[in-house]
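In: predicted model, plus sequence, below.
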Amino acid sequence: GGDGVNGDNLPPEMLEKDPWEGETFEKLGDAVKNWGLFIVVFMAVGAGVVAANTYNDGAAFVDFQDYDSPDQAVAAALKK
């Protein structure tokens, strides 16, 4: 019967070898399935560490006790 599943009716793209098919990508898929959450958490922690260590890069330290008003402290910091 004409179930339309024979190779004659398929477009040529479906007859080509799939580059994603194979044992290598099966192993990669299993690794992502088993370790994906760990990898995401590890990367998030790494991003947090980088953000925490670079948070004040380029900031000017101002001792507000040395000035009469916060405006004077900000003006002095901008001159540095």
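Out: Perfect, I can see it now.

In: what mean pLDDT does stretch 14-34 get?
Out: The pLDDT scores in stretch 14-34 average 88.

In: next one: it to chain centre, how far?
Out: 23 Å (CA atoms, centre = their mean, to the nearest Å).

In: report the next helix or strand after the biggest helix by length in the chain in sequence order.
Out: What stands out as the longest helix in the chain, according to DSSP state H, is helix 23-53. In the C-terminal direction, the helix or strand that comes right after helix 23-53 (DSSP states H and E) is helix 70-79.

In: around residue 76, how many other residues sit close by?
Out: By the criterion of other CB atoms under 10 Å, residue 76 has 14 neighbours. Where you see a C-beta, it was placed from the backbone N, CA and C, and this is true even at glycine.

In: quick one: residues contacting it.
Out: Residues in contact with residue 76 (CB atoms under 8 Å, 6 or more residues apart in numbering) are 62, 67.
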